[in-house]
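Chemist: Model the following, please.
(one chain, ligands or ions: 2)
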Amino acid sequence: MLKIEGLEVYYGYVMALKGITFQVKEKTITALLGANGAGKSTTLNTISGLIRAKRGKIIYKEKEMTHEDSSRIVKAGIVQCPEGRMLFPSLTVKENLLAGAYNQTKRTSVLEDMEDVLKLFPILSERRKQMAGTLSGGEQQMLAIGRALMASPQLLMLDEPSLGLAPKIAEQIFDRLIMLNKERDLTILLVEQNANAALAICDYAYILETGKMGLSGKGKDLLQNPLVRQKYLGA
Ligand SMILES: Nc1ncnc2c1ncn2[C@@H]1O[C@H](COP(=O)(O)OP(=O)(O)O)[C@@H](O)[C@H]1O
Ligand SMILES: [Mg+2]
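Modeler: Ligands and ions are numbered 1, 2, ... in the order given. Model prediction:
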């Protein structure tokens, strides 16, 4: 569904992505792992069209998207749930969800989509009139995912959804992602520092190492890999 070929990205003169290549197959959960500063967010932001690649290609459904603008990328079905959630803290849950539907034109389908999201995260339904800034960390993450779903993604990219959450809450978030993938055929590109959790739920994973692609393989295989265990799983 998505092919990244030889992607190079710079911040000024500093090369953040040094020619990375990977792919996301349709209907899979694909994980992009790596330590802090490895280039995970840069990768997602480049796919979303927020940062420009210097070299390389982004191909989505056989079409080159490397130089497309971000609003067209969202329209094409690639939607990012950003690191740090980026909610509007003084807007309500409902208003934040509606903000995610800015690219939708039919009002009726927007309302249906919102009901759908509220079913997926019932706690958000209870809190629909509450300001986003007053929610717990886990609820805010659910809202950030819900807002991304309001843009009707075919490929949902999540940047560290478990960051700062208690393990139990993170587990609930991962459960929802599995459900979206299995029951709604949503393709997911999951960026995580929590390698253990991500490898356990993904079909395939890639490990970024300071802007270069390192090991890759099936999630279950990488979980067993001694090198991965030593370096990323603290075993
Ligand atoms: N806006 C920026 N300006 C300059 N350097 C940046 C910027 N954003 C990220 N970097 C650098 O690029 C590298 C990759 O960062 P990032 O993609 O955020 O990593 P990750 O998401 O894996 O933690 C890091 O060395 C980081 O310091
Ligand atoms: Mg990051």
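
Chemist: Alpha carbons of stretch 21-36, as CSV, please.
Modeler: Taking C-alpha atoms only, stretch 21-36 is exported to CSV below (Å, rounded to 0.1, in the frame of the first residue of the first chain):
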residue,chain,number,x,y,z
THR,A,21,13.5,2.0,2.5
PHE,A,22,10.5,0.1,3.8
GLN,A,23,6.9,-0.7,3.0
VAL,A,24,3.5,-1.1,4.6
LYS,A,25,1.3,-3.8,3.2
GLU,A,26,-2.4,-3.4,3.0
LYS,A,27,-4.4,-4.5,6.1
THR,A,28,-1.3,-5.0,8.2
ILE,A,29,-0.1,-3.4,11.4
THR,A,30,3.5,-2.4,10.6
ALA,A,31,5.7,-1.0,13.3
LEU,A,32,8.5,1.5,13.0
LEU,A,33,10.6,1.3,16.1
GLY,A,34,13.8,2.9,17.3
ALA,A,35,15.4,4.9,20.1
ASN,A,36,14.7,8.5,20.8
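
Chemist: And the contacts of that stretch?
Modeler: Under the criterion CB atoms under 8 Å, 6 or more residues apart in numbering, residues 1-7, 40, 43-44, 155, 177-178, 181, 185, 187-193, 195, 198-199, 201-209, 213-214, 216, 219, 232 lie in contact with stretch 21-36. Every C-beta, even on glycine, is put in place using the N, C-alpha and C of the backbone.

Chemist: Could you check that stretch against ligand 1 for contacts?
Modeler: Yes. Interface with ligand 1: stretch 21-36 contributes 34, 36 (CB under 6 Å from any ligand atom).

Chemist: for that stretch, which positions count as buried?
Modeler: Within stretch 21-36, the residues scored as buried using 16 or more other CB atoms under 10 Å are 22, 24, 28-34.

Chemist: can you check stretch 86-102 too?
Modeler: Within stretch 86-102, the residues that count as buried by 16+ other CB under 10 Å are 87, 92-94, 96-98, 100-101.

Chemist: ranges for the helices of this protein?
Modeler: Secondary structure of the chain (DSSP state H): helices at 40-47, 70-75, 93-99, 107-120, 122-126, 137-149, 167-184, 195-201, 219-224, 226-232.

Chemist: Only alpha carbons, please: show the last one as CSV.
Modeler: Read that as helix 226-232. The C-alpha trace of helix 226-232 is given here as CSV (Å, rounded to 0.1, in the frame of the first residue of the first chain):
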residue,chain,number,x,y,z
PRO,A,226,18.6,-12.0,20.8
LEU,A,227,20.1,-8.8,19.3
VAL,A,228,16.7,-7.1,19.5
ARG,A,229,16.1,-8.4,23.0
GLN,A,230,19.4,-7.1,24.2
LYS,A,231,19.2,-3.7,22.5
TYR,A,232,15.5,-2.8,22.6
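
Chemist: elements contacting it?
Modeler: In terms of contacts (3 or more CB pairs under 8 Å, 6 or more residues apart in numbering; DSSP states H and E), helix 226-232 is packed against helix 195-201.
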